[in-house]
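[1] Mind looking at a prediction? Sequence and model below.
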Amino acid sequence: MQAWRASLLWFDPHADGPQAHFEHDGLLVTAPDAAGVQRVLAVGAFAAVRAAHPTVPVRDHRGWLLAPGFIDLHVHYPQTDIIGAPAEGLLPWLQRYTFPQEARLADADHAHAVARFFLDEMARHGVTTALTWATSHPASVEALLSQAQARGLRWIAGKVLQDRHSPDGVRDDTETSLRDTEVLLQRWHGRGRLGYAITPRFAPSCSDAQLRGAGELAARYPDVWIQSHVAEQVDEVRWVRELYPHDRSYLAVYERFGLLRPRAVYGHGIYLEDDDWALLRHSGAAIAVAPTSNLFLGSGFFDYAAARAAGIVLGLASDVGGGMSFSPLVTMRMAYTVGRAAVRGDGKAKQGVSLEPLDLWWQHTAGAARALGLAGTVGSLAPGSEADFVLLDPAATPLLARRCAQAQSLAEWLFALIMLGDDRAVRAVHVAGAAQQHNLT
Ligand code: GUN
Ligand code: ZN
C-alpha cells in the first residue's frame, strides 16, 4: 500500500459530463491488484482517509495538485520528428513531410528509437494513456507496444491501413494489411494493459476492399478500438465526395463499412454534415478534438456548440505532429480558444461557447476515458481505478505562482494552470503497471 497527500482533483468516471471532486488537503491510497497493477483503494479528505489507513506510509506533496494522468485520444508517434513542419494544408503536408517520415519506420531500430523518445515525451507532459497511430509497417506497432508494456502503461496503438493514394514506402497491400492487422491484434490486444486499434488512415487512402476488411475485423473483435480521420479540411472533404459520390457524407462512408461503433474514435470532425451528429450519437463513435492541429494546419474550428447540442461523445487530443504540442495543458488552452471563436470551420457565423476549466480537464481525463470505453479503468481517481496519476506544481514558474496565488476559486485556479502551465508544471507521473514511480524532478 502507498499513499500521497496533496490537493486532489478527479471526476465521476461514468457521468457524461464533468462531475468533479476536489480536496484541498486530500489523501490517495493505492494497493496492487492480483495482476500487480496499482489501483485506488481510498481517496478523499486527508483526515478521513488517514483515519481509515493509519499505518500506510504517506508521501507529502502538499501544495501540488494530484490528478488523473491525461489521456490523449489521437496522436501519431512517428510524427514526433515532423512537429511544426509548415504546409499550405493537410494534403500537401502529408505528401511533403508525413509520408516520407513515416516511411523511415520500416526500419525497426529507427522505430524503437522514435517510440522511446515519444513515450518519454508523453510522460514528461503527464500523458499516461493514448490512442496512438503507428505507421503502415507492423514493426512500428511492435516497437511502440513492446516499450509501452515494459513501462507498465495502459496504451493503445494500431498499424495504419493505406492501400491507395499513398506513395511507395508507406502504401500497403490490401490482403497483407488485413492479415497483419489481425496478427497484431491477436498478439497485443488485452496483453497486460495494452490494446489494439484498427487504423484505416482516412477514406481517401483506403480501397473499398480494405475498408470492408477493416469493418469485418471490427465486427469480429468488438472490444478492439477503431481510429481514423474524418472531415478535417475542405479540400479533403471535396476529395471524399469525388471518391464516394453515392455516400451521403464523409462520415457515412465509414458507417457503410461498419466502422462506426463504440470504441471508434475519429479525429477532427470539423466539416460534418448536419445529419452526421445524430449518426455519431446513435453509433456511439467518438470525436477526438485536436485544437492545436486544427489551428496549425489551418483546418478550422471544431463546433463545440453543435457537438454538445447533439450529445456526442468527445475528448481531447494532441494529434502530434499536425498538432504542435504534447502538452494536455496547451491542448486544453487551445480548445478554450477555439470554443470562443465565433466562426464555424466553414466560415459561417456560430455562437461562441466558454468551456469551463473543469470541462476542459474532464475532456482530457474521465471524458476521454469514456470515449475509449475505459470509464472506471483510467482517467479518474475513483476507488477501483488504475492508479495512473500526475503531480502538478502550481508554482512551477514565477508567473504561474503569482497568478495561482491570486485565484479566488477552484475554477479560477485551474484556469490559470490551463492558460499558463506546461511540462514544467508536471513534477511526477505515476504509472499503475510500473514497478517504480517515474519521478521527473
Ligand atoms: N489525415 C490522414 N492522415 C492524417 C495525418 O497523419 N494527420 C492528420 N492531421 N490528418 C490526416
Ligand atoms: Zn491524425
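    Received it, and whenever you're ready, just let me know what you need. Note that this is a predicted model, so its numbers are computed, not measured. Ligands and ions are numbered 1, 2, ... in the order given.
[2] Name the SS class of Gly195, please.
    The local conformation at Gly195, judged by DSSP: H, G, I helix; E, B strand; the rest coil, is strand.
[3] Test my guess that it contacts Gln149.
    No - with the criterion set as C-beta atoms under 8 Å, Gly195 and Gln149 do not qualify as a contacting pair; they are 11.4 Å apart. Bear in mind the C-beta positions are built from the backbone N, C-alpha and C, glycine included.
[4] neighbour count winner among the two?
    When neighbours are counted by other C-beta atoms under 10 Å, Gly195 comes out ahead of the other of Gly195 and Gln149, with 25 against 16.
[5] Could you check how far that one is from ligand 1?
    20 Å (C-beta to the nearest ligand atom, to the nearest Å).
[6] for Ala395, same thing?
    35 Å.
[7] count of neighbours near that residue?
    Neighbouring residues of Ala395 were enumerated by other C-beta under 10 Å; the total is 13.
[8] Tell me the secondary structure at it.
    Using three-state DSSP, the secondary structure recorded for Ala395 is coil.
[9] So what pairs up with whichever residue of the stretch 101-250 of the chain sits closest to ligand 2 in the strands?
    Closest contact between the stretch 101-250 of the chain and ligand 2, by C-beta to the ion, is at His229 (5.5 Å). According to DSSP bridges, the partner residues bridging His229 are Gly267.
[10] from what I can see it touches Arg201, true?
    Yes - using C-beta under 8 Å, His229 is in contact with Arg201, at 7.1 Å.
[11] Look up how far ligand 1 lies from whichever residue of the stretch 151-300 of the chain sits closest to ligand 2.
    Nearest to ligand 2, among the residues of the stretch 151-300 of the chain, is Gly267, at 4.5 Å (C-beta to the ion). Distance of Gly267 to ligand 1, computed by C-beta to the nearest ligand atom: 6 Å.
[12] What residues does the stretch 151-300 of the chain have near ligand 2?
    Residues of the stretch 151-300 of the chain found near ligand 2, taking C-beta under 5 Å from the ion as the criterion, are Gly267.
[13] Residues touching stretch 423-439, excluding its own?
    30, 36-39, 61, 64, 69, 123-126, 128, 151-154, 192-193, 326-327, 329, 386-394, 396-397, 400, 417, 440-441 (C-beta atoms under 8 Å, 6 or more residues apart in numbering).
[14] count of residues packed around Thr55?
    Applying other C-beta under 10 Å, I find that Thr55 has 6 neighbouring residues.
[15] does it count as helix, strand or coil?
    coil.
[16] Phi and psi next, for it.
    With angles defined as degrees, to the nearest 10, Thr55 shows backbone torsions of phi -100, psi -10.
[17] Gly63 too?
    In terms of degrees, to the nearest 10, the main-chain angles of Gly63 are phi 100, psi -20.
[18] mind listing what it touches?
    The contact partners of Gly63, by C-beta under 8 Å, 6+ apart, come to 6-7, 393-395.
[19] Surely Met419 touches Ala335?
    No - with contact defined as C-beta under 8 Å, Met419 does not count as touching Ala335 (11.8 Å).
[20] More neighbours: which of these two?
    Ala335 (25 against 16).
[21] how much space between that one and Val353?
    With distances defined as C-beta to C-beta, to the nearest Å, the gap from Ala335 to Val353 amounts to 10 Å.
[22] ok, now Leu91?
    In this structure, Leu91 and Val353 are separated by 30 Å, where distance is defined by C-beta to C-beta.
[23] Near Asp208, how many other residues are there?
    Counted with other C-beta under 10 Å, Asp208 comes out at 15.
[24] contacting residues for it?
    Applying C-beta under 8 Å, 6+ apart as the definition, the contact partners of Asp208 turn out to be Phe257.
[25] cool, and Tyr266?
    When contacts are counted by C-beta under 8 Å, 6+ apart, Tyr266 touches 227-230, 251, 254, 285-288.
[26] how does the chain divide into domains?
    Domain assignment of the chain by automatic domain parsing yields the ranges 2-69+380-439, 70-347.
[27] Show the pLDDT at the one residue in the chain that gets nearest to ligand 1.
    Among the residues of the chain, Gly322 lies nearest to ligand 1; the distance is 3.5 Å by C-beta to the nearest ligand atom. The score at Gly322 is 98. That number is its pLDDT.
[28] OK, contacts around the residue nearest to it when sequence neighbours are not counted?
    Using C-beta to C-beta, 6 or more residues apart in numbering and skipping residues adjacent in sequence, the residue nearest Gly322 is Ser293, 3.7 Å away. Taking C-beta under 8 Å, 6+ apart as the contact definition, Ser293 lies against 268, 299, 317-320, 322-324.
[29] and if we set it to 10 Å?
    Ser293 sits next to 74-76, 90, 232, 267-268, 299, 317-325, 331, 334 when contact means C-beta atoms under 10 Å, 6 or more residues apart in numbering.
[30] Please apply the same query to Thr292.
    Contacts for Thr292 (C-beta under 10 Å, 6+ apart) come out as 83, 316-320, 322-327, 330-331, 333-335, 337-338.
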